[in-house]
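[1] Compute the structure for the input listed below.
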Amino acid sequence: MPFRSKAQARAALGGHIPGFSKARALQWARETPSIADLPERVRRNAARCSDEYIDNENGAGSTGNNGNIDYLGLRVRMLPHVFRSLASPLTRKEADTAEGLKAFVLGGGRVGSPMLYLDIPEGWSKGDFSEAASVNGHEGRNRMFAFEEICGRDEMVEVHIIPGSRLREYRARHLTPEIVSAMQHGIRAQSGSRSVQGRLVPGPLFVTERDLAPNRSSRRKSSKNSRRTSRKR
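    Residues are numbered from 1 along each chain as shown. The predicted structure follows:
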């Protein structure tokens, strides 16, 4: 894939993009007819700012989990500072790849959605939601700093939540409305020690795509039902 702008090429070739190897950057450089003739940056038009910078199949930092999220877990919208409050702490000064990521995406590059890995309490499978889930892994804190600084503090960024448990397997099909609601109402932040629980971050922590708009399948079903009803009349 050729580079789309000088800023994108500088960020990639300079090694500033997490998950974007030097070999991959050199391959893109070979596929670019002339980096000198590229625009400095690429202008974009998007209804939601951060969506234009996300590619969960081929974006920098994306993994197979991103591409398979609709089977593995839950796709949500979350504010950058909420995501960072759930992940292990990282200050802006410590976010050493955030500037490179900003240059990369503003220059035409794309990145994978940030991810949170959750440990689901045993009781949830039995309808007992008295204990909160906890974060035991994350990817994307630098990306969230970049999104916030490009798109604004109020930008709801696509985040992928992947649940797990020591006693049972969790996949998207297991995430009942009750389980999703329990996640929304509060999650324990990632702790630096397995023996120490992280602090509880109260919700609402995110919105789902269903919260934002009816899904297409529901609309199709409702339209079919309305047509059947009208015929009966």
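[2] Quick one: low-confidence residue ranges for the chain.
    1, 16-19, 41-47, 192-195, 210-233 (pLDDT under 70).
[3] And the strands in it?
    Shown for the chain, the strands assigned by DSSP state E span residues 74-78, 115-119, 133-139, 157-164, 186-188, 200-202, 207-208.
[4] Format those as JSON lines; extra columns: mean neighbour count and distance to residue 54.
    To be clear about C-beta, it is placed using only N, CA and C from the backbone, and glycine gets the same treatment. Supplementary listing: these in JSON lines, determined by neighbours: other CB atoms under 10 Å; distance: least, CB to CB, whole Å:
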{"stretch": "strand 74-78", "mean neighbour count": "21", "distance to residue 54": "11"}
{"stretch": "strand 115-119", "mean neighbour count": "22", "distance to residue 54": "12"}
{"stretch": "strand 133-139", "mean neighbour count": "19", "distance to residue 54": "13"}
{"stretch": "strand 157-164", "mean neighbour count": "23", "distance to residue 54": "6"}
{"stretch": "strand 186-188", "mean neighbour count": "20", "distance to residue 54": "22"}
{"stretch": "strand 200-202", "mean neighbour count": "12", "distance to residue 54": "23"}
{"stretch": "strand 207-208", "mean neighbour count": "16", "distance to residue 54": "17"}
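[5] Now tabulate these in JSON lines and tack on distance to residue 105.
    What follows is those, written out as JSON lines (distance: least, CB to CB, whole Å):
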{"stretch": "strand 74-78", "distance to residue 105": "18"}
{"stretch": "strand 115-119", "distance to residue 105": "17"}
{"stretch": "strand 133-139", "distance to residue 105": "16"}
{"stretch": "strand 157-164", "distance to residue 105": "12"}
{"stretch": "strand 186-188", "distance to residue 105": "27"}
{"stretch": "strand 200-202", "distance to residue 105": "27"}
{"stretch": "strand 207-208", "distance to residue 105": "23"}
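[6] mind checking which of those strands is nearest residue 60?
    Closest of the strands of the chain to residue 60 is strand 133-139, at 11.6 Å (criterion: CB to CB).
[7] ok, that closest one: who's next to it in the sheet?
    strand 115-119 (antiparallel), strand 186-188 (parallel) (DSSP bridges).
[8] For it, what is the distance to the chain centroid?
    Its chain's C-alpha centre and that of strand 133-139 lie 13 Å apart, by CA atoms, centre = their mean, to the nearest Å.
[9] who touches it?
    Strand 133-139 is contacted by residues 61, 63, 83, 86-88, 112, 114-121, 124, 163-164, 182-183, 187-191, 197-198 when judged by CB atoms under 8 Å, 6 or more residues apart in numbering.
[10] Quick one: work out the angle between that strand and strand 157-164.
    Angle, strand 133-139 to strand 157-164, by axes from the mean of the first three to the mean of the last three CA atoms, to 10 degrees: 120 degrees.
[11] Only alpha carbons, please: show strand 133-139 as CSV.
    The C-alpha coordinates for strand 133-139 follow below in CSV (Å, rounded to 0.1, in the frame of the first residue of the first chain):
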residue,chain,number,x,y,z
ALA,A,133,-15.9,-6.9,36.1
SER,A,134,-12.3,-5.8,36.0
VAL,A,135,-9.9,-4.8,33.3
ASN,A,136,-6.9,-7.2,33.0
GLY,A,137,-5.5,-5.9,29.7
HIS,A,138,-5.7,-3.1,27.3
GLU,A,139,-4.3,-1.7,24.0
